[in-house]
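Visitor: quick one: sequence plus predicted model below, questions after.
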Amino acid sequence: MKMKRRFEPWTVLQRAAAATGLAVLLTACGGNTSQVESFTPTRLIAFGDEASAFAAGGQKYAVNDAANGCRALPIWTQVVADGYGFGFAECPVGTGAQKAVSRASAGATVASLAGQVAAQADLGRGDLVTVLLGANDVKALYAESLTPGSRARAALIADARSRGVTLGQQVNAVTDRGARVVLATVPDLGLSPYGVAQGAAGAALLTELGRALNEGLRVTMVNDGRKIGLVLADELVQAASSNPGNLSLVNATAAACSAALPACTTATLVASADASTWLWADDTWFAHGGHKQLGSLALTRARNNPF
């Protein structure tokens, strides 16, 4: 009897050489194994927040290339789309109909996903979906902790976990419609420039809130490898912070931009900053240095998962 392969989530140790390609753990169930036919999407749909969104004129909530336009310095969803030859209408590849659609929007939270999915009424088989949400939820819960009369820390953490459960349920519902999903965990904002600016206690709470949201997500999502490919953006940030050179990064602690997103370009960077080798564009969102790492992980996951 032939057994299907089981694909486990990646770890940072298995992705330590991100610049040259990151390994995927494939664990066989024993006995003979059958070759799984690779999933070839006919379209890509991106759901999420600033990390996946386009602004007017194809601007991104990252570092935009002042000289070469929106195709340069791609965000992570563009990296995935490019892997299949797809382009977004906001930043097209060639001419004609584009095969990637972004429903992501600035300020989106976990609660926004249902509306984004509803806006894509024809979602179904053949679609590869990317999902990255939760950063705005984590920041909102942290901001609440700073207000007089805030809920107790335990209640805020429980709320973050509940939001992760909701996110997992929504992603499962997407797969029920036949689409396949590459799902990224929320990055560790305790290690972001925003988190560092909050001091040790504030950074620790941001990390804890993000961990709780990711825990709720991971225990709820259908994690059998056949429908959802998981990309650990939180561990990516942790690995970059502890040893940026392993990920071909120079700076993983400071913000590269002197202008607010999405107006930041290669002409408005702080002294010595480089969009491709700095992890963060501003205090919360990735520069190209972060997007290219996340996009590489996501594309490899999409190509290797037994969808």
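Guide: Arrived safely. Numbers count the residues shown, from 1 in each chain.

Visitor: phi, psi for Asn64 please.
Guide: Per-residue torsions, Asn64: phi -90, psi 150 (degrees, to the nearest 10).

Visitor: give the buried residues for the longest helix anywhere in the chain.
Guide: In the chain, taking DSSP state H as the definition, the longest helix is helix 153-176. Across helix 153-176, burial judged by 16 or more other Cβ atoms under 10 Å covers 156-157, 159-161, 163-168, 170-171, 174-175. For glycine as for every other residue, the C-beta is placed from the backbone atoms N, C-alpha and C.

Visitor: again, but for stretch 267-276
Guide: In stretch 267-276, counting by 16+ other Cβ under 10 Å, buried: Thr268, Leu269, Ala273, Asp274, Ala275, Ser276.

Visitor: let me have those residues in JSON lines, extended by distance to Leu191.
Guide: Shown next, in JSON lines, are the buried residues of stretch 267-276 (distance: Cβ to Cβ, whole Å):
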{"residue": "Thr268", "distance to Leu191": "24"}
{"residue": "Leu269", "distance to Leu191": "21"}
{"residue": "Ala273", "distance to Leu191": "18"}
{"residue": "Asp274", "distance to Leu191": "19"}
{"residue": "Ala275", "distance to Leu191": "19"}
{"residue": "Ser276", "distance to Leu191": "20"}
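
Visitor: pretty sure Leu73 sits against Gly289.
Guide: No: judged on Cβ atoms under 8 Å, Leu73 makes no contact with Gly289 at a distance of 9.5 Å.

Visitor: let me know the pLDDT of Tyr84.
Guide: The model reports Tyr84 with a pLDDT of 96.

Visitor: what sits against the residue nearest to it when sequence neighbours are not counted?
Guide: Spatially, and ignoring its direct neighbours in sequence, Tyr84 is nearest to Pro41 (6.1 Å; Cβ to Cβ, 6 or more residues apart in numbering). Counting by Cβ atoms under 8 Å, 6 or more residues apart in numbering, Pro41 makes contact with Tyr84, Gly126, Asp127, Leu128, Arg180, Ala302.
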